[in-house]
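S.K.: Give the three-dimensional model of this entry:
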Amino acid sequence: MFNNTLGNTIIAFSFRVIGTIISIVYLAVLTRYLGLENFGYYSGALAYVYIFSFLADLGLYNLMVREISRPNADENNIVSSIFTLRIIALLISLTIGSLIIWLTDFNIVMKIAVSISSLHFLFLGATQPLIGIFQKHLRIFWYSISEIFSRAFQLGFIFLVIYWEGGVIAVVSGFALGALIAFIIMIIGLRGLVKIKLRFDFSYFKWVLRETWPMAAIVIFASIYFKIDEVMLSFLKTPTDVGIYSAGYKVLQSLIFFPAMFVGFLMPKLSFYSKKDLNKFKIVFQYGFKILVLMALPIGIGLYFRASEIMTLVAGPEFLISGKVLQILSLAIFMIFLSQLFAQSAIALGKQKQLAVIYFSGMVFNVVLNFILIPHFSYIGASVATFITESVVVVFAILYLIRIINIKINFKELQYIILSCIALILFLYLTNFNLALTIGISIIIYIGILLLTGEIKRLKFTEV
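M.R.: Residues are numbered from 1 along each chain as shown. A predicted model of the protein is given here:
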């Protein structure tokens, strides 16, 4: 099983590395061009529309992966119907969001940026359910290519914006065009896999909505607590505060795609074994847990010890203060990685309603925490709220999985990973090399110890 899964993960991860490099270069150019205040307007607009785009998610991605993974599934009709419903929901939700912002006292730049950003999230949201098709057929190449072309276009466009002195509005317009390019490439990539078209099957829509409301609630609650900090900063503090926080957050955001991508590959197997064989379900879960820990710990450690240098390199000296934000957020990486696995495992087991309760509690907790912390501590308060909320959600999720299926995590399998991380911490704490040399030596130390202890060989990719 894991041979194909691993192969597609490697392909997707390789393209993601390229995409991340492009994104970091884009962020570096953008922050230096816009500065703290205008970058705050840009980030605030995207965060605001992000929430409305996820109000239209309806849990359709998870449902589609589950339905097309079942034996004898009518894949063409399932995909077409869910795709159509997604478009309808996006048009309604994004239109409402755009109308609301025009009723506020935000300046005209923010209002126009929100309206144009809605187009970006329309195209981006339309592609999201389609990712499940590529994951099922292990053809993730097309999705990866669409991301690369989209990001490359956005990077090229930002240089034109600088030349034309276009400002925030032009930057957001380029972002929307990049999403359109990604959408077109993914539609092309679907040929030979499924025949997709607009399909207005209202009886099926009703069934989908009845089936997905718990998953829709999960996505809505998760997206609110994931982005509400930036939106609340926009309302409670200045655009400069938003810019400081968002710069650090975007560095984190560029790294946390991997767990969603990797768990997405595992989801069909988790869904299949949840009905057929719980023992194999637990094997897949343990495998996913180990790989995510393997990735999350060194990333979090590296960001924590070198946050200021990373922010100065990525965003420029003006954003040095964002290093404090990134340092706090680095503590949340481990929790963010694991939350993907726990959430998808609960969904595969059909426990969407119970998971929705956990996410709702996390959302309320995060909003209250932000209301308490942001007025007094601004972007530092928002960072702390994110870390605490992610930790609370993960703890409750794992306790729930333990209760319903008695899942047991074999921490003994992590001993050499932890040993490698201890060595990494000592190196970063005791040295002060330049960033490039630090990254290179850190990789050698971490992977070297895993190789010497035989941990790499013990990764059982073909166990199920």
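
S.K.: List the contacts of Gly59.
M.R.: Gly59 makes contact with Thr212, Trp213, Pro214, Met215, Ala216, Ala217, Ile218, Val219, Gln352 under the criterion C-beta atoms under 8 Å, 6 or more residues apart in numbering. No exception for glycine: its C-beta is placed from N, CA and C like everyone else's.

S.K.: Please read the previous query as pertaining to Gly97.
M.R.: Counted by C-beta under 8 Å, 6+ apart, Gly97 has contacts Tyr48, Val49, Ile51, Phe52, Val114, Ser118.

S.K.: Which strands or helices does the helix or strand hosting Gly132 pack on?
M.R.: Per DSSP states H and E, Gly132 falls inside helix 131-136. Contacts defined by 3 or more C-beta pairs under 8 Å, 6 or more residues apart in numbering; DSSP states H and E place helix 131-136 against helix 60-68, helix 141-164, helix 257-276.

S.K.: chain center to that helix: distance?
M.R.: On the basis of C-alpha atoms, centre = their mean, to the nearest Å, helix 131-136 sits 17 Å off its chain's mean C-alpha point.

S.K.: Stretch 406-424 now?
M.R.: Counting by C-alpha atoms, centre = their mean, stretch 406-424 comes out at 24 Å from the chain centroid.

S.K.: What's the end-to-end length of it?
M.R.: 33 Å (C-alpha to C-alpha, to the nearest Å).

S.K.: Please point out which parts of that stretch sit buried.
M.R.: Neighbour-count burial for stretch 406-424, counted by 16 or more other C-beta atoms under 10 Å, picks out Ile407, Ile409, Glu413, Leu414, Tyr416, Ile417, Ser420, Cys421, Leu424.

S.K.: Mind checking which of these are in helices?
M.R.: Tyr416, Ile417, Ser420, Cys421, Leu424 (DSSP state H).

S.K.: tell me the pLDDT at the second one?
M.R.: It refers to Ile417. Listed pLDDT for Ile417 reads 94.

S.K.: could you give the mean pLDDT of the strand or helix carrying Ser118?
M.R.: Counting by DSSP H and E, the element that carries Ser118 is helix 108-127. Mean pLDDT, helix 108-127: 91.

S.K.: So which elements touch that helix?
M.R.: Using 3+ C-beta pairs under 8 Å, 6+ apart, helix 108-127 is in contact with helix 2-55, helix 75-101, helix 167-189.

S.K.: least reliable of the ones you listed going by mean pLDDT?
M.R.: helix 2-55 (a mean of 82).

S.K.: What is the distance between it and the centre of its chain?
M.R.: With C-alpha atoms, centre = their mean, you get 9 Å for helix 2-55.

S.K.: still on that earlier bit, identify all contacting residues around the helix holding Ser118.
M.R.: 41-42, 44-46, 48-50, 52-53, 56-57, 83, 86-87, 90-91, 94-95, 97-98, 101-102, 104, 146, 167-169, 172-173, 175-176, 178-180, 182-183, 186.

S.K.: out of these, which are buried?
M.R.: 41-42, 44-46, 48-50, 52-53, 56-57, 83, 86-87, 90, 94, 97-98, 101, 146, 167-169, 172-173, 175-176, 178-180, 182-183, 186.

S.K.: tilt between the helix holding Ser118 and helix 75-101?
M.R.: Relative orientation of helix 108-127 and helix 75-101, computed by axes from the mean of the first three to the mean of the last three C-alpha atoms, to 10 degrees: 170 degrees.

S.K.: tell me the angle helix 108-127 makes with helix 2-55.
M.R.: Using the same axes, to 10 degrees: helix 108-127 against helix 2-55 is 140 degrees.

S.K.: can I have helix 108-127 written out in PDB, keeping just the CAs?
M.R.: Extracted in PDB, the C-alpha atoms of helix 108-127 (Å, rounded to 0.1, in the frame of the first residue of the first chain):
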ATOM      1  CA  ILE A 108     -11.500  51.900   0.400                       C
ATOM      2  CA  VAL A 109      -8.300  50.000  -0.100                       C
ATOM      3  CA  MET A 110      -9.400  47.300   2.300                       C
ATOM      4  CA  LYS A 111     -12.900  47.100   0.800                       C
ATOM      5  CA  ILE A 112     -11.700  46.700  -2.800                       C
ATOM      6  CA  ALA A 113      -9.000  44.200  -1.800                       C
ATOM      7  CA  VAL A 114     -11.700  42.100  -0.100                       C
ATOM      8  CA  SER A 115     -13.900  42.200  -3.200                       C
ATOM      9  CA  ILE A 116     -11.100  41.100  -5.500                       C
ATOM     10  CA  SER A 117      -9.800  38.500  -3.100                       C
ATOM     11  CA  SER A 118     -13.300  36.900  -3.300                       C
ATOM     12  CA  LEU A 119     -12.400  35.900  -6.900                       C
ATOM     13  CA  HIS A 120      -9.200  34.300  -5.700                       C
ATOM     14  CA  PHE A 121     -11.100  32.200  -3.200                       C
ATOM     15  CA  LEU A 122     -13.800  31.400  -5.700                       C
ATOM     16  CA  PHE A 123     -11.300  29.700  -8.000                       C
ATOM     17  CA  LEU A 124      -9.300  28.200  -5.100                       C
ATOM     18  CA  GLY A 125     -12.400  26.900  -3.400                       C
ATOM     19  CA  ALA A 126     -13.600  25.300  -6.600                       C
ATOM     20  CA  THR A 127     -10.400  23.300  -7.000                       C
END
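
S.K.: Could you list the buried residues of it?
M.R.: 109-127.

S.K.: Stretch 144-160 too?
M.R.: In stretch 144-160, counting by 16+ other C-beta under 10 Å, buried: 144-155, 157-158.

S.K.: of the residues you listed, closest to Ile449?
M.R.: For the buried residues of stretch 144-160, the residue nearest Ile449 by C-beta to C-beta is Ser144; the value is 30.1 Å.

S.K.: got a list of what the closest one touches?
M.R.: Ser144 makes contact with Ile11, Ala12, Ser14, Phe15, Arg16, Gly19 under the criterion C-beta under 8 Å, 6+ apart.

S.K.: Appreciated, that's everything.
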